[in-house]
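Participant: What follows is a protein structure lacking sequence information:
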């Protein structure tokens, strides 16, 4: 299953590389705000690594770090070979491993 890009109404990914906040945290914040706004619900995929890399202009490693940051916070979970999903607040779905 491929992750869908955000709806047109959602603000585009904008990273300020000159900002004091690291780029991965800026991207993580963008994803977190989308989850909080209900853009992606529990167990729904967030945009793919490929899409996030292309839209943000960041290196793949930086995008992975943003995703891992949110996995570590319990906001997202990953499923090997499938993608990254919004974690339910009550626990991690079966089959997930929480690593990127």
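Facilitator: Now that the structure is in, tell me what you want to look at. Predicted model only: the values in this text are computed from it and were never measured. Numbering: from 1, shown residues only.
Participant: alpha carbons only for contacts and neighbour counts from here, please
Facilitator: Will do.
Participant: any idea whether the residue of the chain positioned farthest from its centre is helix, strand or coil?
Facilitator: Relative to the centre of the chain, the most outlying C-alpha is that of residue 18, 21.6 Å out, by CA atoms, centre = their mean. When classified by DSSP: H, G, I helix; E, B strand; the rest coil, residue 18 comes out as coil.
Participant: Return the distance of it relative to residue 26.
Facilitator: For residue 18, the distance to residue 26 equals 12 Å [CA to CA, to the nearest Å].
Participant: now the helix or strand where residue 65 lies, how far from the centre of its chain.
Facilitator: Assigned by DSSP states H and E, residue 65 belongs to helix 60-73. Distance, stretch centre to chain centre, for helix 60-73: 7 Å (CA atoms, centre = their mean, to the nearest Å).
Participant: and the helix or strand just after it, what's its mean pLDDT?
Facilitator: Going down the chain from helix 60-73, the next helix or strand is strand 76-79, by DSSP H and E. For strand 76-79, mean pLDDT rounds to 97.
Participant: Could you list every helix and strand in contact with strand 76-79?
Facilitator: If you count contacts as 3 or more CA pairs under 8 Å, 6 or more residues apart in numbering; DSSP states H and E, strand 76-79 packs onto helix 60-73, strand 83-86.
Participant: Residue 80: neighbouring residues, count only.
Facilitator: Residues near residue 80, counting by other CA atoms under 10 Å, number 13.
Participant: And the pLDDT at residue 90?
Facilitator: 56.
Participant: Please apply the same query to residue 54.
Facilitator: Residue 54 is given a pLDDT of 94.
Participant: Check the one 10 residues further on too.
Facilitator: As predicted, residue 64 sits at a pLDDT of 98.
Participant: My guess is it contacts residue 48. True?
Facilitator: No - using CA atoms under 8 Å, residue 64 is not in contact with residue 48; the gap is 10.4 Å.
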